[in-house]
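In: here is my input; please provide its structure:
(chains A and B)
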Amino acid sequence: MIRRSTTMAAVAALAAWPMAGATETQTTTEANSYGTPGGLIDMPTAEMAPLGQLSTTIDHYEGATKTTLSFQVTKRLSASFRYSSIYGLVPGPGRPPYSTYHDRSFDLSYRLVNEGQYMPAVNIGLQDLVGTGLFGGEYIVATKSVGERLRVTAGVGWGRLGSYGSFGSTGTRPTSLLGEGGVPTYDRWFRGDVAGFAGLSYQLTDRMNVSVEYSSDGYDREVLDGITRRETPWNFGVDYRVSDALSLGVYSLNGTKIGFNVTLALNARKPAVNGGAETAPLPVARRTPGAARDLGWTNDPERPATLRASVARSLETEGLRLHGFDIGVRQAHVMIRNPRYDMRAQAVGRTARVLTRTLPASIEVLTITQVEKGMPVSSVTLRRRDLERLENAAAEDILSAARFSDPLAMGPRPAIVDDAFPRFDWTIGPFLNFSVFDPDNPVRANGGIRVKGDYHIAGGFRASGSVSYKLFGDLDKVDIGPSNLPRVRSNVARYSLTDDPTLDYLTLAHFGRPAKDIYSRLTVGYLEKMYAGASAEVLWKPVDSRLALGAEVNYVMPRDFDQLFDTRTRHTGTGTIPEFNGHVSAYYDFGNGFHGRVDAGRYLAGDWGSTVALDREFANGWRVGAYATKTDVSSANFGEGSFDKGIRITIPLSWGTGRPTRTKSNTVIRSLSRDGGARLRVNDRLYEAVRSTHEPEMVKTWGNFWR
Amino acid sequence: MRILSGLAAGALALLAGCSGGDGNNDTAGLTVLKGALTPKQEAQSPNAAQVAAAMQQSLQATDEPLAFVVLPKRQAITIMPRIETNGAYVTHGTSDRRSLTLKHGMLTATRGFGEDLMSSEVDASLALVRGRKAGTVQRMQRYLDGENRTIVLETTCQITPGGTVRYQAGELDRPAVKVQEACQAQATRFTNSYQVDAATGRILQAQQWVSPMNGLAIIQQLR
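Out: Okay, the predicted model is just below:
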């Protein structure tokens, strides 16, 4: 019989998780009407969102709808991208108003001083700092908590934030546009009239927040154009937090309008389940003392084959695939494919435990080589004694006992298992392709069904194809005017016209390891939607290096608009599409959550230039970054936006489901596909596949080795 | 301008579709989503008679040591046979692959529970609890955080022996001493309690805090 513990009820309650960000002060999950973190209505505060917070705010008042994506890049830096639709703006004196004016804007806010006992938090910020500057304003603002519930904010603003009740000025603020828009409006920053603003926000309940502010935004342009009236500088608002992910707000603006907003938030550091909810690994099987001296198994010629089969079977239950296998008296070398674990240390850790349970006791040295795209990319060598000794110790202990190496430095490759080649992987599923926030329309999309397949022919050789069938969509309505360049991308709408199935790509590729630290790719065929041809890439990436260098050269032929098997002429109305393009690239992991990349070379239209990308990366695979491409095409020739730039967001599916999977969602928000600074979109570029198995990346989540 | 779908991970799983070959694990996402959409079935707590019957069955089915495990917060009750021994560490597991590791009956790790306790340093605590002695010790518990980085929870624990009880579970009927372990860190506070064999110092029952999501685990030895 069991005595059901009465102590169960007397269980001590437990408070917070140990690592609650002690160094983060003045944080909020609320957003103002501009979608930036803050508890006021239209005015900024010195609050920041929790690190890794990614929020989308849709704000509407009769006059404008603003959709803002805000990201807390570091504890001190917040960045926001906004797409606004303003109703009834007048382009110039005497001209008829736009029905809807679409505008993109970008904000930054930086925490200068963290809150102390008496010191308020102080931020400096730039609002709409790129381009037309319709919402342009700069500010320095301080926020201080008074007690648990009240926050008091006061600041000074320029530009829009200095347009009502100014008490002075710092020089004059220019109004002319730099370039074709799309470049920082540095000539205006902190210039012109200065005014003060202030506000209070009070937390009524756990979920509800009320606020009042004195606004220094005169809404001059909106009042002039008859969009709104402004009768008072006092605004009032109420926010309600439905859940961690969803907040709603309603406010009165200028005494004449009612506005409301919805904020949806995700946090890169708050997955569905910390550490994942997947099932347990098999534990290490410890050998009995002296067992290692027993070499009886070596007399059985059949033994290696039966061992290989049982290793393969055990790996299968862990979601891994045995690719190559080689054992000696004292050492074993296995090559694995890992279709399941996005945390590569987990794949290696589970393999190591399988080996302790299956291999004869005399085998002491275990080498596990990960294979990606048919290439051996990284080897981890472990001593079985260490696995036995350190299974219940900190993961860093087994890390210091593990050795990373280039598989090419590990001697002869293990024999490839029979069922490794040929093999066929396929997926069938729905797809959605979006074009968002273009100057005419907030969202366009195509959707349908897509079938993809990869036929792995032999070591490193692979045939791949994808066919899509569009069921609905309006991407054919995307209208991009020609530039003075060959039309390499701008006729995208014509590629969306067809209602028949399209061949997205059909390629034959070879992935190779020509030398230690060197990786190669050669792809021929229908490379992408718009181009056929050949693409060759080489990458230098030592297994322990945070730096990688690469080069790529492509020969392209434009494909026919129906995306079947024909190609079309390279002559377009505005020029000839060159045969060759290519880049040299440098990649660097700064190791503090930032990753940088520079590509320089010749782009599709024959323009020369470079792309710079900076990503904020989280160890769990989240990534939020921005890139910009500038080539020798002038701003005037490029068209609106002056040069190509964008924001990209990668969210690992495992973050949302709590199960290991290598599936990720990639979202890119960019200016329209114009012809300058355009690149070929060939599949399976080498860097990401190689990097994820290398030491600097794997040690970030090495704790997963024992998971 | 090609953008794969939106930000909600749920929507992503919908797009996962189905697949074959090496990639066939990705359908896991879809299954999880299904789970998220159907209301959670309240686990029917088995009554005492059912538990006793299951226990008898397990005792007859194996000669291995058995642990009866309850996670009140997760509404989980299970009987776990020993599946592996590594020195002083004993791992118990279920057929659906959840496991926990004990050192002399004290919980040091969990796997497959979600928000798992990855490993612990409990030697100082073990010495006092098994010796039924009072004292103050340091305890260290490791976890993976939201980014999959290792974090360490270090607590200071006050150990106090209490009264004697009769421990009856499975094949065991032993006089035992209650021992309490009250642990504290800056933002964390929890209390573990044990029932220790009065004669041998073996931990017969451990009631230990695992993590915020899992709450307490009650682990009773059945033989």
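
In: mind listing the strands for chain B?
Out: With DSSP state E applied, chain B shows strands at B:18-20, B:66-71, B:76-86, B:89-93, B:99-103, B:106-111, B:119-121, B:135-144, B:150-169, B:172-184, B:189-197, B:203-211, B:215-221, listed in chain order.

In: near chain A, anything from the fifth one?
Out: Yes - in terms of Cβ under 8 Å from any Cβ of the partner chain, part of strand B:99-103 sits within range of chain A, namely B:Ser99, B:Thr101, B:Lys103. For the C-beta atoms, the positions are set from N, CA and C on the backbone; glycine is no exception.

In: quick one: that strand to strand B:76-86, angle?
Out: Orientation check (axes from the mean of the first three to the mean of the last three Cα atoms, to 10 degrees): strand B:99-103 against strand B:76-86 gives 60 degrees.

In: what's next to strand B:99-103, contact-wise?
Out: Contacting residues not belonging to strand B:99-103 are listed as A:280, A:283, A:392, B:67, B:69, B:80, B:83, B:88-93, B:107-113, B:122, B:126, B:206, B:217, B:219 [Cβ atoms under 8 Å, 6 or more residues apart in numbering or on different chains].

In: compute the inter-axis angle for it and strand B:215-221.
Out: Angle, strand B:99-103 to strand B:215-221, by the same axes, to 10 degrees: 70 degrees.

In: and strand B:99-103, which strands flank it?
Out: Strand B:99-103 pairs in its sheet with strand B:89-93 (antiparallel), strand B:106-111 (antiparallel), by DSSP bridges.

In: got the buried residues for it?
Out: Neighbour counts using 16 or more other Cβ atoms under 10 Å in any protein chain shown place B:Ser99, B:Leu100, B:Thr101, B:Leu102, B:Lys103 of strand B:99-103 among the buried residues.

In: one step back: in JSON lines: the residues of strand B:99-103 next to chain A, plus distance to A:Val598 and pLDDT.
Out: Output for those, formatted as JSON lines (distance: Cβ to Cβ, whole Å; pLDDT from 0 to 100):
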{"residue": "B:Ser99", "distance to A:Val598": "47", "pLDDT": "96"}
{"residue": "B:Thr101", "distance to A:Val598": "47", "pLDDT": "97"}
{"residue": "B:Lys103", "distance to A:Val598": "51", "pLDDT": "96"}
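
In: nearest to chain A, of these?
Out: Set against chain A, the nearest of those by Cβ to the nearest Cβ is B:Ser99 (4.1 Å).

In: distance check, the closest one against A:Thr650.
Out: According to Cβ to Cβ, to the nearest Å, B:Ser99 stands 32 Å off from A:Thr650.

In: A:Tyr531 too?
Out: For A:Tyr531, the distance to A:Thr650 - Cβ to Cβ - is 24 Å.

In: and A:Ala272, how close does it get to chain B?
Out: Distance, A:Ala272 to chain B, using Cβ to the nearest Cβ, to the nearest Å: 8 Å.

In: equivalent analysis for A:Phe643, please.
Out: From A:Phe643 to chain B the distance is 16 Å (Cβ to the nearest Cβ).

In: where does the prediction get shaky in the chain?
Out: Looking at chain A here, since you left the chain open. For chain A, residues meeting the criterion pLDDT under 70 lie at A:1-23, A:177-182, A:437-441, A:482, A:639-642, A:672.

In: that answer is for a different chain, and I need it for chain B
Out: Low-confidence segments of chain B, defined by pLDDT under 70: B:1-17, B:23-45.

In: can you rerun that using 50?
Out: B:1-16, B:24-43 (pLDDT under 50).

In: give me the element the nearest residue to A:Leu266 once chain neighbours are set aside is part of.
Out: Leaving aside its chain neighbours, A:Leu266 sits nearest to A:Leu54 (5.0 Å; criterion: Cβ to Cβ, 6 or more residues apart in numbering or on different chains). If you go by DSSP states H and E, A:Leu54 is part of strand A:53-61.

In: so which of the strands of chain B is nearest A:Pro486?
Out: For A:Pro486, the closest of these is strand B:18-20, at 38.1 Å, according to Cβ to Cβ.

In: for that closest one, buried residues please.
Out: Taking 16+ other Cβ under 10 Å as the criterion, strand B:18-20 shows B:Ser19 as buried.

In: could you pull out the strands in the stretch 601-707 of chain A for me?
Out: Ranges of strands in the stretch 601-707 of chain A, per DSSP state E, counting those that start in this stretch, are A:608-617, A:623-631, A:644-652, A:664-670.

In: kindly reformat those strands as TSV containing mean neighbour count and distance to A:Ser535.
Out: What follows is the strands of the stretch 601-707 of chain A, written out as TSV (neighbours: other Cβ atoms under 10 Å in any protein chain shown; distance: least, Cβ to Cβ, whole Å):
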stretch	mean neighbour count	distance to A:Ser535
strand A:608-617	18	17
strand A:623-631	20	19
strand A:644-652	21	20
strand A:664-670	19	20
